[in-house]
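> attaching a predicted model along with its sequence, questions to come.
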Amino acid sequence: MGVTHRMLRAAARRPHVLVAAMPTGTPIRLAVEAQLRRRNWPTAWSPADADVLVVCGSVPTGLRTAVEELWAEIPGPRSRTCVVAAVLAPGALDAAKARLAMPNQERSGTPGRSDPRAHATPPDQMAAGAMSPPGPDPADRHLDVSPDQDPAGQGEAHQGSGPDIDQQGPEHPSMSHGDMDDGMSMPAGLAMAERGDDRDGLKLDQLHATLGPLLVGWPAGLVLRVTLQGDIIQSARGELVGAQGRGSFWVEPATRAMYGEAVTVGEAARRTAGCYLDRLGRFLCVAGWPDPAAAARVLRDDVLAGAAHHEVASRFAAVARRVGRSRTLRWMTTGLGVLGAADATALGVTGPVARAGGDVTARYRQWLAEAAEMLDLVDDPVLLTAHGDGRALGYLHDAVTPPEPLLAAIERLVVGAEIGAARLIVASFDPDVDEMAGHPASVADG
């Protein structure tokens, strides 16, 4: 027991934390991420790398199974906690760390009962809620770029400073086989592959898999059910699971202004700038570039905390230059998920996706441009009205897009893409599931 206790204490000193955000849990997730940064606790990229599971928000019925399956994939010693309010984040993290050093039956949260799945689950049994390591599949997008090939002189592809997928954990994002069609079973719980026509007219094996709803950098509650032939998506169907339709954290100030409350242009712009920085950080995590992702999140937290424009402008400009000029990131994303402005209009898609009118590269650059515009307004004391500054109200206008066009666009664009590329396409949309859930017809079991 002495050796065991010493090992448990060592694991609890600086635990790796896996964050699972629930629909409506955005402010809680932001509080948890800020606490992790202050404590210098690393973020886990996969269940196998995690010591602590932090669930941000109350778990709706439709996501209970996904959360339990995610918990089952975390090897011991392990601990978990559910944070139901942002102010409770520090205490919840302290308690989870303390439980990590306790005997197994106490750490599991079910005293007196051991979990037979307490050890790592094989990769081919990963659940729908499993979080994958960031980054696209390196099989076809292996990065081999030297610093002198980068026009910004950053050398992003080396020494962990840029998107080097070979340095970012296991090669393939995890996905679920738990939702395969009924049929003959194979070892390790895989269903028998079907046969289907390839685009070249050949008969190839088909597998049915699920992306989401709790992947790293993935919109909470979004599920994408795909049919694969090899590593290529042949068909996709999106849906919202567990969403509750309570409205978006990011658009809340502009919404209050529309209902007649006194809200300044600066307050609305600050929240919108935070949204773009959060999107950028999540996208860069999926792309496998953690350094600028962390910088974007620090900026996000400072902006939301009330930092003045002069305190963040130069820091944002540095991040924007690094990301916008990255030859490696551009190479990874050019030509992926092309949605022209005319096609976006035809589908009914609005917002930065429509304004970008192009591929994944165009979309993250659009975020950078619009974030800069919002940051210019964060100190504006003028009251915001429904007829006020159009730029500050821009995200509100984006959010009223019904979910059907966004889901239809994602379903269309991921077909023909590999899993890693599909992750980047979805991340470049980063649909706000909380706002989308205001349209009940598109919400699954909540």
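Now that the structure is in, tell me what you want to look at.

> ranges for the helices of the stretch 301-446 of the chain?
Here the stretch 301-446 of the chain has its helices, by DSSP state H, counting those that start in this stretch, at 309-324, 327-333, 341-347, 352-356, 360-375, 394-399, 403-414, 419-429, 433-436.

> now render the ones you listed as TSV, adding distance to Gln229 and mean pLDDT.
In this view, the C-beta of every residue, glycine as well, is placed from N, C-alpha and C. Formatted as TSV, the entries for those read as follows, by distance: least, C-beta to C-beta, whole Å; pLDDT from 0 to 100:
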stretch	distance to Gln229	mean pLDDT
helix 309-324	34	96
helix 327-333	23	95
helix 341-347	25	90
helix 352-356	28	90
helix 360-375	23	95
helix 394-399	35	48
helix 403-414	14	89
helix 419-429	12	94
helix 433-436	28	72
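
> would you mind giving these as TSV with distance to Leu383 added?
Output for the helices of the stretch 301-446 of the chain, formatted as TSV (distance: least, C-beta to C-beta, whole Å):
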stretch	distance to Leu383
helix 309-324	19
helix 327-333	39
helix 341-347	32
helix 352-356	25
helix 360-375	17
helix 394-399	15
helix 403-414	31
helix 419-429	32
helix 433-436	23
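
> looking at these, which is closest to Arg271?
For these, the distance to Arg271 is smallest for helix 394-399, at 7.8 Å, taking C-beta to C-beta.

> domain parsing for the chain?
Here the domain parsing of the chain from automatic domain parsing is 2-123, 137-446.

> pick out the shakiest of those domains, pLDDT-wise.
With a mean of 76, domain 137-446 has the lowest mean pLDDT of the domains of the chain.

> the longest helix belonging to the chain vs helix 419-429, what angle?
Scanning the chain for the longest helix, with DSSP state H as the assignment, gives helix 265-287. Here helix 265-287 points in a direction 180 degrees away from that of helix 419-429 (axes from the mean of the first three to the mean of the last three C-alpha atoms, to 10 degrees).

> helices or strands next to helix 265-287 in the packing?
With contacts taken as 3 or more C-beta pairs under 8 Å, 6 or more residues apart in numbering; DSSP states H and E, helix 265-287 sits against helix 252-258, helix 290-304, helix 309-324, helix 327-333, helix 360-375, strand 383-384, helix 394-399, helix 419-429.

> extract the CA atoms of it and return them as PDB.
What follows is helix 265-287, C-alpha atoms only, in PDB (Å, rounded to 0.1, in the frame of the first residue of the first chain):
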ATOM      1  CA  VAL A 265     -21.400  48.400 -27.900                       C
ATOM      2  CA  GLY A 266     -18.200  47.500 -26.100                       C
ATOM      3  CA  GLU A 267     -19.900  44.800 -24.000                       C
ATOM      4  CA  ALA A 268     -21.400  43.100 -27.000                       C
ATOM      5  CA  ALA A 269     -18.200  43.500 -29.100                       C
ATOM      6  CA  ARG A 270     -16.100  42.000 -26.200                       C
ATOM      7  CA  ARG A 271     -18.300  38.900 -26.000                       C
ATOM      8  CA  THR A 272     -18.200  38.500 -29.800                       C
ATOM      9  CA  ALA A 273     -14.400  38.900 -29.900                       C
ATOM     10  CA  GLY A 274     -14.200  36.300 -27.200                       C
ATOM     11  CA  CYS A 275     -16.200  34.000 -29.400                       C
ATOM     12  CA  TYR A 276     -13.900  34.300 -32.300                       C
ATOM     13  CA  LEU A 277     -10.800  33.800 -30.200                       C
ATOM     14  CA  ASP A 278     -12.500  30.700 -28.600                       C
ATOM     15  CA  ARG A 279     -13.300  29.400 -32.100                       C
ATOM     16  CA  LEU A 280      -9.700  30.000 -33.200                       C
ATOM     17  CA  GLY A 281      -8.300  28.200 -30.100                       C
ATOM     18  CA  ARG A 282     -10.500  25.200 -30.700                       C
ATOM     19  CA  PHE A 283      -9.700  25.100 -34.400                       C
ATOM     20  CA  LEU A 284      -5.900  25.200 -33.700                       C
ATOM     21  CA  CYS A 285      -6.200  22.400 -31.200                       C
ATOM     22  CA  VAL A 286      -7.900  20.200 -33.800                       C
ATOM     23  CA  ALA A 287      -5.100  21.200 -36.300                       C
END
